[in-house]
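> I'd like to go over a predicted model; first the sequence, then the structure.
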Amino acid sequence: MFKKLFGKKEEPIKTIQILAPITGKAVHLNEVPDPVFSEKMMGDGLAIEPAEGIVVAPVDGEIIQVFPTKHAIGIRARNGAEILIHIGLETVSLKGEGFETHVKQGDQVKAGQKLVTFDMEIIREKAKSTITPIIITNTDQAASVKKWTESNVERGSTPILEVTFE
């Protein structure tokens, strides 16, 4: 209200930090055993080998896609970065088995808010891998993407990427 009264415009957000959406070990995309991710066909980012089956929002933003099979979720950050969290590899074939979503398309979320829970044993048993790529799908529009870590990360608190849009 005061901004409207005094005519101050909000500066557009250009750079955001992306927090780890999952607790586990962060690894380079080239270590993901799937060429779609390792060759950055969908965009740049990194992957996390999860230690637990909880995925939280890595940024404040809007849920732009919840896949019907619940294995992947898309978020648009306030600076325009579009982030895909793809839980495991070849998990689409599970048709939602072992996954529970806690948000829907159009929801506004805060960093750290629970998005999806999943059963790691079902994924280990029935899918190719539990490794979870975190991809900036509109990398081609970004001014820069910086990777901050390749070590153990804590969901909702460890910064893993910094993305700048002009």
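Cool, got the structure.

> Check what pLDDT Ile63 gets.
pLDDT, Ile63: 98.

> From Leu161, how far out is it?
As judged by C-beta to C-beta, to the nearest Å, Ile63 and Leu161 stand 19 Å apart. All C-beta atoms are positioned from the backbone trio N, CA, C, and that covers glycine.

> same deal with Ile75?
In terms of C-beta to C-beta, Ile75 sits 13 Å off from Leu161.

> what do you get for Leu89?
In terms of C-beta to C-beta, Leu89 sits 20 Å off from Leu161.

> neighbour-wise, which of these two wins?
Leu161 (25 against 21; other C-beta atoms under 10 Å).

> for the helix or strand where that one lies, what is the average pLDDT?
For Leu161, the host element (DSSP states H and E) is strand 159-164. For strand 159-164, the mean pLDDT works out to 95.

> Tell me the pLDDT of the residue nearest the centre of the chain.
By C-alpha atoms, centre = their mean, the chain has its centre lying nearest to Ile85, at 3.7 Å. Note on Ile85: pLDDT of 98.

> ok but it is inside a strand, no?
Yes: according to DSSP: H, G, I helix; E, B strand; the rest coil, the state of Ile85 is that of a strand.

> list the contacts for it?
By C-beta atoms under 8 Å, 6 or more residues apart in numbering, the contact set of Ile85 is 21-22, 55, 58, 72-75, 115-116, 132-134.

> one more time with 10 Å, if that's ok
Each residue near Ile85 by C-beta atoms under 10 Å, 6 or more residues apart in numbering is listed here: 21-22, 45, 48, 55-58, 71-75, 115-116, 132-135.

> The residues you listed in strands, which ones?
Using DSSP state E, the members of these that fall in strands are 45, 48, 55-56, 72-75, 115-116, 132-135.

> can I get those residues in JSON lines with neighbour count?
Compiled in JSON lines, those are given as follows (neighbours: other C-beta atoms under 10 Å):
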{"residue": "Gly45", "neighbour count": "26"}
{"residue": "Ile48", "neighbour count": "27"}
{"residue": "Val55", "neighbour count": "27"}
{"residue": "Val56", "neighbour count": "22"}
{"residue": "Ala72", "neighbour count": "21"}
{"residue": "Ile73", "neighbour count": "24"}
{"residue": "Gly74", "neighbour count": "19"}
{"residue": "Ile75", "neighbour count": "25"}
{"residue": "Leu115", "neighbour count": "21"}
{"residue": "Val116", "neighbour count": "23"}
{"residue": "Thr132", "neighbour count": "26"}
{"residue": "Pro133", "neighbour count": "25"}
{"residue": "Ile134", "neighbour count": "25"}
{"residue": "Ile135", "neighbour count": "26"}
